[in-house]
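K.L.:
next come a sequence and a model predicted from it.
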Amino acid sequence: MKLTPSPFAPRSFPALPDVKGLRAAAGSRGFYARRGIERDDVFLFVFDEGTTCAGVYTVSNTASADVRWCREALSAGGGKARALVAHSGNSNAFTGPKGVEKNEATLKALTQTLGVPKSACFLAATGVIGEPLADPNFVGAFLPGLAGRLGPPDWEACARAFMTTDTFPKASGRTVDLAGVPTAFAGIAKGSGMIMPNMATMLSYVFTDAAIAPALLQDLLADITRVTFNAITVDGDTSTSDTLMVFATGASGAPPIETRGDARFAGFAAALHATCLDLALQVVKDGEGASKFVTVRVEGAVSELSAKTVACHIANSPLIKTAMAAGDANWGRVVMAVGKSLEPIVMDELAIWFDDVQVAKGGARAPDYDEAAASAVFARPEFTIRVHLGVDAHAATVWTCDLTHGYVDINGAYRT
């Protein structure tokens, strides 16, 4: 399957900072060989002792074996991490006992090769659902050789290794000053289709050399996820394999952040939020077949959850998404989506804007409505749909993309 690069693909891979306390390697296990494709498809990260971690995962009732293992390990290990392995080409989801056998073989290889506790090892897989590996040790047998190549991360190689229908590798990073200590944050993500909260079909990992208590990191990550990765949608589908994890090595040398009252916490939280949001928006901008990147902002709602529900109805409507693709400023479809959400509104106060062009006011078409101006907004590669429900003061933002024939082409040929 030949993929057309996203119009939002960056010209080059970003320069990420040096995160102390970890090593990495990427390589090819041949997951794509049957398709005649030679590419890296596995990466391994190894963390210094003392690394803490946090994770959020898909809420799907058909979660993959890897997700189920990560949940178990995160609890059993108390938020300690020593290794991470991820691969593309096979999701290890809905694979029954064979999926568990694959994980056990992989974990055995990690513990024996690295001399680390099993509960400190995390796994991820992405690709086709329901296809068990013929050899449970297919990944495990590859790890000793991969471990022999560990070194400073080649971030781009790792970001490419777990791509599936992505058209560009996704990364984000920054260095911030936390009480006089330079602290690095670097993240990589994959995701393009099957994207919808909760969690979207994506694997995303953020690494930092800050030190932070695992329970505090877990609470913070849940807060950040709500307004970043859980506020994006490409097609309204939630994956079996969604994973977002943060690893904090503590190798910056600063003492750990133990409470929200720590003077460094706000700076840490802001840097983690910025990294997660950047990665999440890149996922939307690489949406399968996408040609438009659209922000949906809903205001005047009875609660943040209500605002988000309305925003998702707008962002996921095939009628609205195809209108986006065609540049058709059909604001009546937005009215439809608001109504079908069944959330509280005041009809006579409902207002809608496309960027700064008001198209609806007081529960009807705006008196000065300008079709040409509205159409000009929908012709832009990036724009905002803003809705005011007229009920209260709560708001939420969701990011989405349009729906083109490219989405059908990609998903019609996904397994070939």
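P.N.:
Looks like it arrived, so ask away.
K.L.:
low-confidence ranges, this protein, go.
P.N.:
Judged by pLDDT under 70, the chain has its weakly predicted residues at 1, 193-201, 236-239, 406, 410-416.
K.L.:
now the residue of it most remote from its centre: closest residue in space that isn't a chain neighbour?
P.N.:
Note on the chain: the largest separation between a C-alpha and the mean C-alpha position, by CA atoms, centre = their mean, falls on P367 (40.8 Å). Using CB to CB, 6 or more residues apart in numbering and skipping residues adjacent in sequence, the residue nearest P367 is K361, 7.0 Å away. The C-beta positions use only the backbone N, C-alpha and C, and glycine is treated the same way.
K.L.:
helices or strands up against the helix ranked longest in the chain?
P.N.:
Criterion DSSP state H: the longest helix present in the chain is helix 265-285. On a contact count with 3 or more CB pairs under 8 Å, 6 or more residues apart in numbering; DSSP states H and E, helix 265-285 meets strand 170-178, strand 181-190, strand 203-208, helix 214-226, strand 293-301, strand 394-401.
K.L.:
may I have that helix exported as PDB, CA atoms only?
P.N.:
Taking Å, rounded to 0.1, in the frame of the first residue of the first chain, the C-alpha atoms of helix 265-285 are listed here in PDB:
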ATOM      1  CA  PHE A 265       5.800  20.700  39.800                       C
ATOM      2  CA  ALA A 266       4.200  23.400  37.700                       C
ATOM      3  CA  GLY A 267       7.100  23.600  35.300                       C
ATOM      4  CA  PHE A 268       7.300  19.800  35.000                       C
ATOM      5  CA  ALA A 269       3.500  19.600  34.400                       C
ATOM      6  CA  ALA A 270       3.700  22.300  31.700                       C
ATOM      7  CA  ALA A 271       6.500  20.600  29.900                       C
ATOM      8  CA  LEU A 272       4.800  17.200  29.900                       C
ATOM      9  CA  HIS A 273       1.500  18.800  28.800                       C
ATOM     10  CA  ALA A 274       3.200  20.600  25.900                       C
ATOM     11  CA  THR A 275       4.900  17.400  24.800                       C
ATOM     12  CA  CYS A 276       1.800  15.300  24.900                       C
ATOM     13  CA  LEU A 277      -0.300  18.000  23.100                       C
ATOM     14  CA  ASP A 278       2.200  18.400  20.300                       C
ATOM     15  CA  LEU A 279       2.300  14.600  19.800                       C
ATOM     16  CA  ALA A 280      -1.500  14.300  19.900                       C
ATOM     17  CA  LEU A 281      -2.000  17.100  17.300                       C
ATOM     18  CA  GLN A 282       0.600  15.400  15.000                       C
ATOM     19  CA  VAL A 283      -1.500  12.200  15.100                       C
ATOM     20  CA  VAL A 284      -4.600  14.200  13.900                       C
ATOM     21  CA  LYS A 285      -2.600  16.000  11.200                       C
END
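K.L.:
that helix: which residues count as buried?
P.N.:
Of the residues in helix 265-285, those with enough neighbours to count as buried (16 or more other CB atoms under 10 Å) are 265, 267-269, 271-285.
K.L.:
and if you look at stretch 383-398?
P.N.:
Under the neighbour-count criterion of 16+ other CB under 10 Å, stretch 383-398 has 383-391, 394-398 buried.
K.L.:
check stretch 35-51 too.
P.N.:
So stretch 35-51, judged by 16+ other CB under 10 Å, has buried residues D40, D41, V42, F43, L44, F45, V46, F47, T51.
K.L.:
now it, how far from the centre of its chain.
P.N.:
For stretch 35-51, the separation from the chain centroid amounts to 18 Å (computed by CA atoms, centre = their mean, to the nearest Å).
K.L.:
repeat that for stretch 165-174.
P.N.:
Taking the mean of its C-alpha atoms, stretch 165-174 sits 10 Å from the chain's own mean (CA atoms, centre = their mean).
K.L.:
end to end on it, go ahead and measure it.
P.N.:
In terms of CA to CA, to the nearest Å, the two terminal residues of stretch 165-174 are separated by 27 Å.
K.L.:
okay, buried residues for the host helix or strand of P97 please.
P.N.:
P97 is part of helix 96-114 when elements are defined by DSSP states H and E. Of the residues in helix 96-114, those buried under the neighbour-count criterion (16+ other CB under 10 Å) are 99, 101-107, 109-111, 113-114.
K.L.:
let me have these in a markdown table, adding distance to I212 as columns.
P.N.:
Output for the buried residues of helix 96-114, formatted as a markdown table (distance: CB to CB, whole Å):
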| residue | distance to I212 |
| --- | --- |
| G99 | 32 |
| E101 | 35 |
| K102 | 32 |
| N103 | 28 |
| E104 | 31 |
| A105 | 32 |
| T106 | 28 |
| L107 | 26 |
| A109 | 29 |
| L110 | 24 |
| T111 | 26 |
| T113 | 28 |
| L114 | 23 |
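K.L.:
list just the nearest of those residues to T240.
P.N.:
G99 (10.7 Å; CB to CB).
K.L.:
this completes my enquiry, with thanks.
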